[in-house]
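Asks: After the sequence you'll find the predicted model.
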Amino acid sequence: MSALAMTLMIGVFVMLIVIVAFIFSAKSGQYDDLDGAAYRILMDDNDPRIPGNTVTSNKKDNKQNND
């Protein structure tokens, strides 16, 4: 009987850890943009709408295309 009680207590403890981890990830915005990665793979690498790409990188690309 003590093994059953110990197993139940461990199960409840693990369940609480999972619930706390889910709440933390949901509040931190982990699940806000589920479609972004799917569309980002279809975008061009030097598209200015991608974060991190600036106008200066486009100028470098234009200079290389003109040569």
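Replies: Sure thing, it's come through.

Asks: Now for residue 54: which residues touch it?
Replies: residue 48 (C-beta atoms under 8 Å, 6 or more residues apart in numbering). C-beta: built from backbone N, CA, C; applies to glycine.

Asks: how close does it sit to residue 48?
Replies: 7 Å (C-beta to C-beta, to the nearest Å).

Asks: so where is the chain shaky, pLDDT-wise?
Replies: Within the chain, the stretches with pLDDT under 70 are 43, 47, 50, 53, 55-67.

Asks: for it, what spans make up the helices?
Replies: Shown for the chain, the helices assigned by DSSP state H span residues 2-27, 36-40, 55-66.

Asks: Check the gap between the residue most central in space within the chain and residue 24 for me.
Replies: Here the mean C-alpha position of the chain is nearest to the C-alpha of residue 30 (C-alpha atoms, centre = their mean), at a distance of 5.8 Å. According to C-beta to C-beta, residue 30 stands 9 Å off from residue 24.

Asks: Over to residue 48?
Replies: Using C-beta to C-beta, we find residue 48 at a distance of 34 Å from residue 24.
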